[in-house]
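[1] Turn this into a model:
(one chain, ligands or ions: 1)
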Amino acid sequence: MTTTPLPALDAKVLHGLHGKSLLLTDDWSPAELDALCAVARRFHAADRAGRSTALLPNELAYAMFFDNSTRTKSAWAGAAARLGMQPVIVDGSSTQVSHGETAAETGAMLGMNAHALGVRHDLILGEGNRFMRDVKQGIDAYLAGTDDGRKVPIVNLQCDIDHPTQTLADLLWLRDNFGGDIRGKKIAVSWAYSPSYAKPLSVPQGLIMLLTRFGAHVTLAHPEGYRLMDGCLASAGKHAAESGGSFRTVGTMDEAFVGADAVYPKSWGPYDLMLERVGANKSADKQAMAAIDKRALERNAQFKDWICDERRMALTAGGNALYLHCLPADIGAEVSAGVMARHTLDVAKEAQWKVYVVMAMLAVAKVPNLADRLAKL
Ligand code: CP
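    Take a look at the predicted model:
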């Protein structure tokens with residue numbers, strides 16, 4: 001699948017990651033993210049060669065999803081199985097969290113039994129990432145209080161701010177297509193019309209924060225009213241200045257597509273209504289939540305011309321940009337049927353990197369002397 005050569009493993013950086021959870025890509029340095037990607041590539045190569053990667057036998061990989069998922073659930077299960085772990089995935093709303101158990105209490109309870117914990121909590125601004133940090137605090141306090149040396153990392157399987165397993169999979173796929181390096185590449189991250197539901201902001205936020213760290217020229221495009229969180233915009237600008245890339249925001253999809261080497265058009269919810277959801281969620285008002293979501297779709301419908309179609313793809317570099325999407329895509333709304341048909345295999349390959357990213361996150365946190373262990377695979 002990939003022609004990118006296997007990068008060297010940096011044993012010192014990997015040693016520093018032992019026991020660490022990745023809750024935002026912004027929490028890790030570019031060297032640490034590169035080390036993680038190098039581990040993901042090792043797992044990918046070993047898997048393709050049919051070699052066993054069961055470095056964590058007889059351990060429990062528990063995941064809670066407070067939102068729907070196809071790919072990430074399957075990547076979690078696939079990663080755990082390849083590492084020799086037992087995956088268990090539960091619906092977050094079926095836990096006692098919905099009855100008021102706090103995140104820290106939940107963490108302590110799961111930390112007793114699990115050896116890694118994945119969480120998706122992406123629909124309420126200001127809550128998902130904080131929930132993960134509170135769960136981690138609960139696990140860490142329990143392990144410290146019981147003198148238990150196990151490493152039980154939290155894996156962010158999408159929060160309100162970031163979607164690290166997705167964006168790192170995207171980075172690996174982009175590198176495969178651009179000779180191993182995205183430095184100097186023009187990448188359009190654009191809002192696109194969707195009639196299906198008010199999608200989280202975390203994919204575009206995660207992309208602008210991550211791709212600017214590696215020297216890419218990132219253009220964000222969205223209609224008025226679809227801004228992203230201030231901290232993510234500030235982070236993208238800072239990273240671009242530090243890496244020699246660039247970051248700008250424009251008001252049309254065409255502007256972002258002109259000359260782009262890669263395009264990532266996808267929908268997200270209107271910012272003011274995503275904020276309104278916070279209040280409706282706090283008061284557990286399902287009717288108010290449904291009314292907000294209906295208004296979000298009505299708002300989206302004002303921008304039906306924000307579609308990635310053949311005309312727009314013709315504006316890109318050589319008329320032949322790489323099309324990316326985290327999936328599922330609304331075909332006929334976010335992307336034309338023709339563009340999607342041409343890139344069906346591309347987006348599947350992009351998605352498949354996620355299993356190796358999850359494996360890498362679990363392994364760097366849990367396997368001592370990982371560089372040596374991987375060298376022996
Ligand atoms: N891209 C992504 O996270 O897909 P799922 O929502 O199906 O997990």
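
[2] List the buried residues in the worst-scoring helix or strand of the chain on mean pLDDT.
    Lowest on mean pLDDT, DSSP states H and E among the helices and strands of the chain sits helix 103-113, with a mean of 83. Residues of helix 103-113 classed as buried: 103, 104, 105, 106, 107, 108, 109, 110, 111 (neighbour count, 16 or more other CB atoms under 10 Å). Every residue, glycine included, has its C-beta placed from N, CA and C.

[3] Bridged to the nearest residue to residue 252 once chain neighbours are set aside, which residues?
    Closest residue to residue 252 apart from its sequence neighbours, by CB to CB, 6 or more residues apart in numbering: residue 221 at 6.3 Å. Counting by DSSP bridges, residue 221 is bridged to residue 190, residue 250.

[4] how deep is residue 221 tucked in, by neighbour count?
    Applying other CB atoms under 10 Å, we find 24 other residues in the vicinity of residue 221.

[5] pLDDT value on whichever residue of the stretch 151-300 of the chain sits closest to the ligand, please?
    At 5.2 Å from the ligand, residue 166 is the closest residue in the stretch 151-300 of the chain, using CB to the nearest ligand atom. If you check residue 166, the pLDDT there is 98.

[6] for the host helix or strand of it, packing partners?
    For residue 166, the element it lies in under DSSP states H and E is helix 164-177. Applying 3 or more CB pairs under 8 Å, 6 or more residues apart in numbering; DSSP states H and E, we find helix 164-177 packed against helix 30-48, helix 71-82, strand 154-159, helix 202-211, strand 262-266, helix 337-366.

[7] right, and those - which one's nearest the ligand?
    For the ligand, the closest of these is helix 71-82, at 3.2 Å, according to CB to the nearest ligand atom.

[8] Could you check how far the closest residue to residue 91 other than its chain neighbours is from the ligand?
    Leaving aside its sequence neighbours, residue 91 sits nearest to residue 65 (CB to CB, 6+ apart; 6.2 Å). With the distance defined as CB to the nearest ligand atom, to the nearest Å, residue 65 ends up 8 Å from the ligand.

[9] close enough to count as contact, residue 65 and residue 90?
    Yes. Residue 65 is within contact range of residue 90, at 7.4 Å (criterion: CB atoms under 8 Å).

[10] higher neighbour count, these two?
    Higher neighbour count among residue 65 and residue 90: residue 65, with 22 against 11, using other CB under 10 Å.

[11] burial count for the closest residue to residue 262 other than its chain neighbours?
    Nearest residue to residue 262, sequence neighbours excluded (CB to CB, 6+ apart): residue 322, at 4.3 Å. By other CB under 10 Å, 21 other residues sit near residue 322.

[12] do the same with the one 10 residues further on
    By other CB under 10 Å, 13 other residues sit near residue 332.

[13] And it, how far from residue 186?
    With the distance defined as CB to CB, to the nearest Å, residue 332 ends up 27 Å from residue 186.

[14] go on, residue 346?
    18 Å.

[15] Compare neighbour counts for these two and give me the winner.
    Shown here are residue 346 and residue 186; by other CB under 10 Å, residue 186 has more neighbours (22 against 16).

[16] what's across from that one in the sheet?
    Going by DSSP bridges, residue 186 forms beta bridges with residue 217.

[17] Hmm, residue 315 and it touching each other?
    No. Here residue 186 lies out of contact with residue 315, judged by CB under 8 Å, at a distance of 11.5 Å.

[18] returning to that earlier point: closest to residue 130 out of the helices and strands packed on helix 164-177?
    Smallest distance to residue 130 across these (CB to CB): 8.6 Å, for strand 154-159.

[19] check contacts around the residue of the stretch 251-377 of the chain found nearest the ligand.
    Here the stretch 251-377 of the chain gets closest to the ligand at one residue, residue 326, 3.6 Å apart by CB to the nearest ligand atom. For residue 326, the contact set (CB atoms under 8 Å, 6 or more residues apart in numbering) comprises 71, 163, 166, 170, 203, 266, 351.

[20] helix/strand/coil for it?
    Put simply, residue 326 is coil when judged by DSSP: H, G, I helix; E, B strand; the rest coil.

[21] next one: phi and psi at it?
    phi -70, psi -20 (degrees, to the nearest 10).

[22] With the one 3 residues further on instead?
    Backbone geometry at residue 329, expressed as degrees, to the nearest 10, gives phi -100, psi 140.

[23] And for it, the neighbour number?
    21.

[24] Equivalent analysis for residue 48, please.
    Counted with other CB under 10 Å, residue 48 comes out at 10.

[25] does the ligand sit close to stretch 87-99?
    No. Using CB under 6 Å from any ligand atom, stretch 87-99 stays clear of the ligand, coming no nearer than 11.2 Å.

[26] Off-centre distance for that stretch?
    21 Å (CA atoms, centre = their mean, to the nearest Å).

[27] Extract the C-alpha trace of that stretch and format it as PDB.
    Presented in PDB, the C-alpha positions along stretch 87-99 are these (Å, rounded to 0.1, in the frame of the first residue of the first chain):
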ATOM      1  CA  PRO A  87     -11.100  -5.400  22.800                       C
ATOM      2  CA  VAL A  88     -14.300  -4.500  24.500                       C
ATOM      3  CA  ILE A  89     -16.400  -1.600  23.200                       C
ATOM      4  CA  VAL A  90     -19.400  -0.100  25.000                       C
ATOM      5  CA  ASP A  91     -22.000   2.500  24.300                       C
ATOM      6  CA  GLY A  92     -21.100   5.400  26.700                       C
ATOM      7  CA  SER A  93     -24.800   6.100  27.300                       C
ATOM      8  CA  SER A  94     -25.100   2.600  28.700                       C
ATOM      9  CA  THR A  95     -22.600   3.300  31.500                       C
ATOM     10  CA  GLN A  96     -23.300   4.900  34.800                       C
ATOM     11  CA  VAL A  97     -22.000   8.200  33.400                       C
ATOM     12  CA  SER A  98     -25.500   8.800  32.200                       C
ATOM     13  CA  HIS A  99     -26.700   8.400  35.800                       C
END
